[in-house]
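Engineer: compute the structure for the input listed below.
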Amino acid sequence: MKFLFLLIIAYLLGSIPSGVWIGKLFFKKDIRLFGSGNTGTTNTFRVLGKKAGTTVLLMDILKGTLATSLPLIFSLNVNPLVFGVAAVLGHTFPIFANFKGGKAVATSAGMILAYSPTFFVYSALIFIIMLYITSMVSLTSMISAILITLSTIILPFAIPQILPKFDWLLTVIAVALTIFIFIRHKDNIKRIKDGTESRVSFGLGAKNNK
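Structural biologist: So this is what the prediction gives:
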C-alpha cells in the first residue's frame with residue numbers, strides 16, 4: 001500500500017503544470033495558446049521570458065528530484081527510478097492540465113539528480129556543450145538523450161567515479177525516454193530539416209537565428 005500511495009504521489013508531483021500555473025497567475029496568459037503550445041521550459045522562456053522560464057525549469061527539475069527521493073524519505077526498499085518515471089509520466093500527461101504536458105527533459109534531469117548527482121552534472125555538461133554547438137534546445141535534447149543513454153552503459157566500466165555501477169533499469173529507462181523524447185519532438189525534427197527551427201541567442205548556431 002505504501003508503494004502504491006507513493007507512486008501516486010510521484011505522479012501527482014510530476015503533474016504540477018508549472019508553466020501553465022505561473023503563466024496564469026503572474027502573466028494572465030495560458031502558454032498553451034502561444035508559441036509551440038507546449039507547457040514546458042522552452043515555450044515558457046519563449047512566451048513569458050527568462051525569469052519565468054528559469055523558474056519553470058527549476059520547478060520541473062525539482063518535481064523529478066523530489067519524486068525520485070520518495071523511497072529514501074519514506075524508507076522504502078525500491079529502486080528510486082520507478083518513482084522518477086512516475087513523475088516524468090505525470091509531467092508529460094498531467095492530470096491537472098488535461099493530460100497535455102511537456103516533453104519530459106527537465107523532469108528527467110531531476111530524476112537523474114536524485115539518482116546520482118555526479119551523473120547529473122555529467123549529463124548537464126553534455127546538454128550545455130550540445131546547446132552551445134547547435135543553439136537549438138530541441139536538437140540538443142535529442143542528441144543529449146542518445147549520449148546519456150550510451151553513457152549509462154559505458155561509464156560504469158570506463159569511469160566509475162561518475163556512475164559507480166551498471167543499473168539495467170537506468171539504461172532501460174534511458175532508452176525509453178530517448179525514444180519518447182524523439183516522438184515528442186517530431187514537429188521540431190520537421191522544422192530542423194526545413195531550417196525553420198527556433199534557436200537560442202547564443203552558441204555557434206546563434207548567428208543563423210531567424
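Engineer: what does the lowest-mean-pLDDT helix or strand in the chain rub up against?
Structural biologist: Least confident helix or strand, the chain: helix 41-48 with a mean of 88, by mean pLDDT, DSSP states H and E. The contact list for helix 41-48 (C-beta atoms under 8 Å, 6 or more residues apart in numbering) reads 18-19, 22-23, 27, 29, 31, 34-37, 52-54, 56-57, 60, 102, 105-106, 137-138, 198. C-beta here means a position set from N, CA and C on the backbone, and glycine is covered the same way.
Engineer: are any of those buried, and if so which?
Structural biologist: Buried by 16 or more other C-beta atoms under 10 Å: 18-19, 22-23, 29, 31, 36, 52-53, 56-57, 60, 102, 105-106, 137-138, 198, out of the contacts of helix 41-48.
Engineer: number of nearby residues for I183?
Structural biologist: I183 has 10 neighbours, counted by other C-beta atoms under 10 Å.
Engineer: look up how far K103 lies from it.
Structural biologist: Noted for I183: a distance of 9 Å to K103, by C-beta to C-beta, to the nearest Å.
Engineer: over to K193?
Structural biologist: To K103, K193 is 18 Å away according to C-beta to C-beta.
Engineer: the more surrounded of those two?
Structural biologist: Using other C-beta under 10 Å as the criterion, K193 and K103 rank with K103 on top: 25 against 9.
Engineer: contacting residues around the closest residue to the more buried one other than its chain neighbours?
Structural biologist: Leaving aside its sequence neighbours, K103 sits nearest to R184 (C-beta to C-beta, 6 or more residues apart in numbering; 4.3 Å). Counting by C-beta under 8 Å, 6+ apart, R184 touches T92, K103, A104.
Engineer: what separation is there between L147 and P94?
Structural biologist: From L147 across to P94, the span is 28 Å (C-beta to C-beta).
Engineer: packing partners for the longest helix anywhere in the chain?
Structural biologist: The residue-count maximum for a helix in the chain (DSSP state H) belongs to helix 50-73. When contacts are defined as 3 or more C-beta pairs under 8 Å, 6 or more residues apart in numbering; DSSP states H and E, helix 50-73 packs onto helix 2-15, helix 18-26, helix 41-48, helix 81-92, helix 105-115.
Engineer: using JSON lines, please lay out those helices together with distance to I129.
Structural biologist: Formatted as JSON lines, the helices and strands packed on helix 50-73 follow (distance: least, C-beta to C-beta, whole Å):
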{"stretch": "helix 2-15", "distance to I129": "27"}
{"stretch": "helix 18-26", "distance to I129": "26"}
{"stretch": "helix 41-48", "distance to I129": "18"}
{"stretch": "helix 81-92", "distance to I129": "23"}
{"stretch": "helix 105-115", "distance to I129": "15"}
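Engineer: find the residue at the geometric middle of this structure.
Structural biologist: Nearest residue to the geometric centre of the chain (C-alpha atoms, centre = their mean): V105, 1.7 Å.
Engineer: what sits against Y115?
Structural biologist: Neighbouring residues of Y115 by C-beta under 8 Å, 6+ apart: T68, P80, L81, G84, L170.
Engineer: L125: which element?
Structural biologist: helix 117-134 (DSSP states H and E).
Engineer: starting at the chain centroid, how far to that helix?
Structural biologist: Its chain's C-alpha centre and that of helix 117-134 lie 13 Å apart, by C-alpha atoms, centre = their mean, to the nearest Å.
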